[in-house]
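Sequence plus predicted model, see below.
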Number of protein chains: 4
Amino acid sequence: LVMSKGTVVLAYSGGLDTSCILVWLKEEGYDVITYLANIGQEEDFDAAKKKAESLGAKKVFIEDLRAEFVEEFIWPSVQANAIYEDRYLLGTSVARPCIARRQVQIARQQGAQFVSHGATGKGNDQVRFELTCYAMYPEVKIIAPWRIPEFYNRFRGRKDLMEYAEKHGIPVPVTPKAPWSMDANLMHISGFWVCIWPRNTDLLAIVLSEKALSNLLWSLRGRHGVGRIDIVENRFIGMKSRGIYETPGGTILYHAHLDIETFTMDREVRRIKQGLGIKFSEMVYNGFWYSPECDFVRHCIDKSQENVEGKVQLSVFKGQVYILGRESPRSLYNEELVSMDVQGDYDPCDASGFIKINAVRLREHHRLQGEASSNR
Amino acid sequence: LVMSKGTVVLAYSGGLDTSCILVWLKEEGYDVITYLANIGQEEDFDAAKKKAESLGAKKVFIEDLRAEFVEEFIWPSVQANAIYEDRYLLGTSVARPCIARRQVQIARQQGAQFVSHGATGKGNDQVRFELTCYAMYPEVKIIAPWRIPEFYNRFRGRKDLMEYAEKHGIPVPVTPKAPWSMDANLMHISGFWVCIWPRNTDLLAIVLSEKALSNLLWSLRGRHGVGRIDIVENRFIGMKSRGIYETPGGTILYHAHLDIETFTMDREVRRIKQGLGIKFSEMVYNGFWYSPECDFVRHCIDKSQENVEGKVQLSVFKGQVYILGRESPRSLYNEELVSMDVQGDYDPCDASGFIKINAVRLREHHRLQGEASSNR
Amino acid sequence: LVMSKGTVVLAYSGGLDTSCILVWLKEEGYDVITYLANIGQEEDFDAAKKKAESLGAKKVFIEDLRAEFVEEFIWPSVQANAIYEDRYLLGTSVARPCIARRQVQIARQQGAQFVSHGATGKGNDQVRFELTCYAMYPEVKIIAPWRIPEFYNRFRGRKDLMEYAEKHGIPVPVTPKAPWSMDANLMHISGFWVCIWPRNTDLLAIVLSEKALSNLLWSLRGRHGVGRIDIVENRFIGMKSRGIYETPGGTILYHAHLDIETFTMDREVRRIKQGLGIKFSEMVYNGFWYSPECDFVRHCIDKSQENVEGKVQLSVFKGQVYILGRESPRSLYNEELVSMDVQGDYDPCDASGFIKINAVRLREHHRLQGEASSNR
Amino acid sequence: LVMSKGTVVLAYSGGLDTSCILVWLKEEGYDVITYLANIGQEEDFDAAKKKAESLGAKKVFIEDLRAEFVEEFIWPSVQANAIYEDRYLLGTSVARPCIARRQVQIARQQGAQFVSHGATGKGNDQVRFELTCYAMYPEVKIIAPWRIPEFYNRFRGRKDLMEYAEKHGIPVPVTPKAPWSMDANLMHISGFWVCIWPRNTDLLAIVLSEKALSNLLWSLRGRHGVGRIDIVENRFIGMKSRGIYETPGGTILYHAHLDIETFTMDREVRRIKQGLGIKFSEMVYNGFWYSPECDFVRHCIDKSQENVEGKVQLSVFKGQVYILGRESPRSLYNEELVSMDVQGDYDPCDASGFIKINAVRLREHHRLQGEASSNR
């Protein structure tokens, strides 16, 4: 009779890695609860449940987080025009705190002192998972096997995992799965895939004041080729890595939101909000969704969106998003004011004064430069 | 016998507006020198020259600025990843200081105290032209007819200009030209145009350390549909206006440079440089190319590019740019370091400490929140 | 019988300038309402009232704005740690929108289409007054005599004003007043003054959650020498000017707030808020208190202050403020955590991992540098 | 006969802690080279040398780094107006990379694979030392005893160290030294001290283009009470700690530089440079002096200083610095331009246009707000 070391809630994908981790944790003397979040990926959740049970999980949680993922995570990111290093729409980053939050909720509720995950020791996801865990459950103990020498020295490659699986009756996929990790959710897919080029033009009208984006995101899922990028990015742990992403829903929403935002938001508010959005993106990428600073910035960005509503027409053609037009009851675009034919309330002479006053400083600088060069 | 009020150098396009301004300035008692810059637009420069001479220009300058436009203006903008309000690649903004610089050089050299232009009183271009003039020739006097009541009250629409043209023997285009202004140069076209959709995939390999971009930009000109946007933007004078742009060369270079930059530049340098690039874009859009702050920022951005060189493969397909790969002798991407199979010099255990120390602050915050809520 | 050109609400100080303006506006055919705000300056308000009436003001408003000045203007500035160009605590800038807001309220209520003020044509105050007026009463017409050629060419110096005053029965101060403007309010004094050096140490305990700062600011008024600076600053209109300020209340509050803020606010929230505070200071200095961006930033800063409360002990000694200690129910300072003798929940080994991961990027950079130099 | 584990270069202060570490490292089987940097602290360097030798150091390096400390570290910090969290002048932070740089130079030159220091496991100094070491000597191994369980569990307090010292013949100070660490250099003193209040007014004229600040800093050392602060600050590792500093030289230079900088630098350059200075301060505080981003920012700040030269008069009175005046051949202050009596080249009417164009956006916003409220 062996005493249990305690209960661990394992983020379980049903794949080879986390199945091996499940069995290994049991070997190490833990009671294991598995947890699998549904955030819109294609997955046989029933099969995953049965597999976990057959491997000895004490309990199995399959949690449908799609609604909260869209409302509490994707939507704030769309509002922020969140984009990391000018290109990556954070499809994976934004899912991690959503998944980890439920994991620690289950851990607290089940009285588990431990949580575990299968993220590697060089990536961003370990940070995103664990910072969320520590922020919401400060006393939690985290078991990250890929950072434990006894584990990573034992499992040096896929071959070692396969052997372990066979030995412990873990069902092994017949076709050898790609050796890279793949991440998919409502917003995007990361990893490599077979390319299906787009064939048709889609015309969409997106109403951005509507917060129930779930259906929209589902319907945007299949638009292959939209938002596909091949980039090198800077991980939080200080390495450059290559990432390949396809973010159809996120890309379309990004462009639509950017458009209606500029249409309805004051220029200077936009400038300040743009800076906050860049900070937000870095925080989310680095795993700080649950942090005082990210709370603060989300609040500020949310405030900036008070007047941001409207409808954007766009076409999705051959993998690219074209904005066709926009309308909003909160538009700050004033056709008459900007017209070349109507003066309206605007006196062109004022522009002369405006320009001359803006030039005061430039002319002074020129004077100094001139004096400097004549003195040299 | 009438005394001349002085000599004015007029930025002359050969079109209806500036032809009328030429004649009007003469009527007002000025000697007029016309000046037309070649920055890569399609134009019959000989015809423009003859037209100006026939309308009474004392002298006519046709200046080929293409090389300096590319080297001194487009290139620094590419290095800055310059983009205004997340979308506009500044194709017009970046040309204005280049054109105006030569204009004041001519004015100084010809002893002219005045410069003039046909930009409207509500736009950005008046500011960009004039700030450059004041910065480089502080004593210059600027005649902006579209801000002078006697002028703009007399010419309230195209019809008035046509009548004036006929009366003064100004050749009038047979086909009625579009009533909106159109701006084209090596980098982009602004305005409305007939849409020619792209048909083929182009594969390009852009070598970004090469500064002689002229040929490249020429060859990219015809790629219709690349970099086409329909946006609402915020003008410096405080209005929102609609802009339609097509920036094939600029868009391709933007993506290629962004890619090789992230490949070769340290993450934190990139963050700081990104902020400087945003500031640079605002300055350029607002007309402050020739300002101490823009000089300063250009210098800083140039410094950041010391290691940015390499070759980017990309495909241009149906109006969109896809990056296919990159290589550089200055790459900071270390395949072995980032590999999941090789530990190399990296100890995964360090990541545990890294995460835990990053969590210290988050756990303290949780503690405070908990105390606060239990005290309430 | 002459028709009135309309009614103008004049910001009236009782001094020579605005008394002459009052009479001049009447001469020009306006009905004049005078308005004088009490924001804590030392002033004989009764005498000013009588003087305005005797000079023909249709109505005279003396408004006590001290409470709203403190609560709505000084307090948000303290929360922002507002400081312009690292030194100026904005004592004048922050008063202008408070004064101008009431002025347009009176104008609207009295059906006046015009407002007027005595600010000069080279200063910041004209901008601060007028942007507030335009923002709150967009149709208002502003009469700024010091920018009207007929006025400023007529009154080229104090002597011209004196002669005009004598001619029109405007009481002239017996002692020649200093030729520079002087501005005083609850927060500060600007201008030159006779120096009274401080003699004693004051010990203060400031409770910063208390919003009723009026009494405090009154009691701090007399502390000569605190917060005295002699600076060159950059005006919004592009000139450098010299400013001499003494801000006893503002300086003490600045230091006290800075101290309790760092004590109770998360580090990263503070960094973001610091950036917002700098932006806020520039907006306020430049006259954009009533702007969408300043509204937005004030809201964000206010949000950041949720946990900022506590008591700061400080000494005011010989013109300088020394913080002696602080306490707060919302403190994030954890003596045990930071102690060198107690490990507590902190494992020093984690710091090794933290440092090594932070070094990954630096070592990669070194590698690149090394390769670069060996290849050259 | 025992094989040496290798050679370690120990940053040695001569005090109890590092003396015990020296002996402990020997016990552990290392050859120990001690190294003590002279950066202006009051120290008996000869005594320290003899002590180290008597304790078995293989070699002893006493290095006079005062000149390079001033020129390469203090001076760039003065140029940056470097200040952490609005208050701390970084007197300790700026010294660490200077000290650690020489340490790794010695290590390389002596063929040592190890470096060691006595910094604690909760502080900033461990990070500053080690990031410098890793950046300049990526393969170095660092021994930080206060993070090694065998060491810190053995030496749980001063008493344990004293006992160990007695046992190993380490001379122990007769008077019990304060249990807190004290750091002093040319720029500042950190820690607690006996308070000597200032007595006299000092009048100084500081010429800021002169880079040889050593003598100046020496002469400023004794001015007790200048730049004394008691603050709570945020450590890089995520804790708040209390710090007490006195930075006479640094404070005087900070004020003098700030003054001459605003006098000679364009407003907008200053704004951008201010942001870079804040980033610089954070980097230096966090230990990233030797990083690509800090190199980059130092370069940019240095560029911004091209015109920053001149002479500042100031008085140091009772612990406070008052600026009395400034002069510079590169002054951008134009007395005539800013004068209220002279129009000069400035037309006050331009200010009307400037203000009205700045108001366009504010009035549009008001219009939207009005429509919004009337529609609700």
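That came through fine.

Identify the residues contacting whichever residue of chain A sits closest to chain D.
Of all residues in chain A, A:Gly353 sits closest to chain D, at 2.1 Å by Cβ to the nearest Cβ. In short, each C-beta sits where N, CA and C put it, glycine included. Contact analysis of A:Gly353 by Cβ atoms under 8 Å, 6 or more residues apart in numbering or on different chains lists D:Cys349, D:Asp350, D:Ala351, D:Ser352, D:Gly353, D:Phe354, D:Lys356, D:Ile357.

To which secondary structure element is it assigned?
Secondary structure from DSSP states H and E places A:Gly353 in helix A:348-375.

ok, now A:Ile62?
strand A:59-64.

And the next helix or strand past that strand?
Strand A:59-64 is succeeded, C-terminally, by helix A:66-68 (DSSP H and E).

quick one: the helices in the stretch 201-350 of chain A?
A:214-220, A:248-264, A:267-286, A:292-304, A:335-338, A:348-375 (DSSP state H, counting those that start in this stretch).

and those, which is most packed in?
Highest mean neighbour count among the helices of the stretch 201-350 of chain A (mean count of other Cβ atoms under 10 Å in any protein chain shown): helix A:248-264, with a mean of 24.

for chain C, what are the nearby residues on the stretch 201-350 of chain A?
Neighbours of chain C within the stretch 201-350 of chain A, by Cβ under 8 Å from any Cβ of the partner chain: A:237-239, A:266, A:268-269, A:271-273, A:275-276, A:279, A:288, A:291-293, A:296-297, A:299-300, A:303-304.

ok, now with 10 Å
Counting by Cβ under 10 Å from any Cβ of the partner chain, the positions of the stretch 201-350 of chain A adjacent to chain C are A:234-240, A:265-273, A:275-276, A:279-280, A:283, A:288, A:291-297, A:299-301, A:303-304, A:306-307, A:332, A:345.

Kindly list the main-chain dihedrals of A:Lys141?
Main-chain torsions, A:Lys141, degrees, to the nearest 10: phi -110, psi 130.

Quick check: chain neighbours aside, which residue is closest to it?
A:Phe114 (4.9 Å; Cβ to Cβ, 6 or more residues apart in numbering or on different chains).

and if you look at A:Ala57?
A:Thr34 (4.4 Å).

Can you tell me the element the one you found falls in?
Using DSSP H and E, A:Thr34 falls in strand A:30-38.

Give me the helices and strands touching that strand, please.
Secondary-structure packing of strand A:30-38 (3 or more Cβ pairs under 10 Å, 6 or more residues apart in numbering or on different chains; DSSP states H and E): strand A:6-11, helix A:16-27, helix A:45-54, strand A:59-64, helix A:95-109, strand A:114-116.

tell me which residues of the fourth one are tucked away?
Of the residues in strand A:59-64, A:Lys59, A:Val60, A:Phe61, A:Ile62, A:Glu63 count as buried by neighbour count, 16 or more other Cβ atoms under 10 Å in any protein chain shown.

Restricting to C-alpha, output it in PDB.
Taking Å, rounded to 0.1, in the frame of the first residue of the first chain, the C-alpha atoms of strand A:59-64 are listed here in PDB:
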ATOM      1  CA  LYS A  59     -11.800  12.000 -12.700                       C
ATOM      2  CA  VAL A  60     -12.100  13.400 -16.200                       C
ATOM      3  CA  PHE A  61     -13.300  16.900 -16.900                       C
ATOM      4  CA  ILE A  62     -14.300  18.000 -20.400                       C
ATOM      5  CA  GLU A  63     -15.100  21.600 -20.300                       C
ATOM      6  CA  ASP A  64     -16.800  23.600 -22.900                       C
END
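
partners of it in the sheet?
strand A:30-38 (parallel) (DSSP bridges).

can you pull the buried residues of the strand it pairs with?
Neighbour-count burial for strand A:30-38 [16+ other Cβ under 10 Å]: A:Tyr30, A:Asp31, A:Val32, A:Ile33, A:Thr34, A:Tyr35, A:Leu36, A:Ala37, A:Asn38.

for those residues, which one is nearest D:Met162?
Relative to D:Met162, the closest of the buried residues of strand A:30-38 is A:Tyr30; by Cβ to Cβ it sits at 44.6 Å.

which non-adjacent residue is nearest the closest one?
The nearest residue in space to A:Tyr30 (Cβ to Cβ, 6+ apart) is A:Val8, at 4.7 Å.

so the one you found touches A:Gly111, yeah?
No - using Cβ atoms under 10 Å, A:Val8 is not in contact with A:Gly111; the gap is 11.5 Å.

need the contacts of A:Gly353 in CSV with pLDDT and distance to B:Gly370, can you?
Below are the contacts of A:Gly353 laid out as CSV (pLDDT from 0 to 100; distance: Cβ to Cβ, whole Å):
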residue, pLDDT, distance to B:Gly370
D:Cys349, 93, 62
D:Asp350, 96, 59
D:Ala351, 96, 55
D:Ser352, 96, 57
D:Gly353, 96, 57
D:Phe354, 97, 53
D:Lys356, 96, 54
D:Ile357, 96, 52
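
Many thanks, have a good one.
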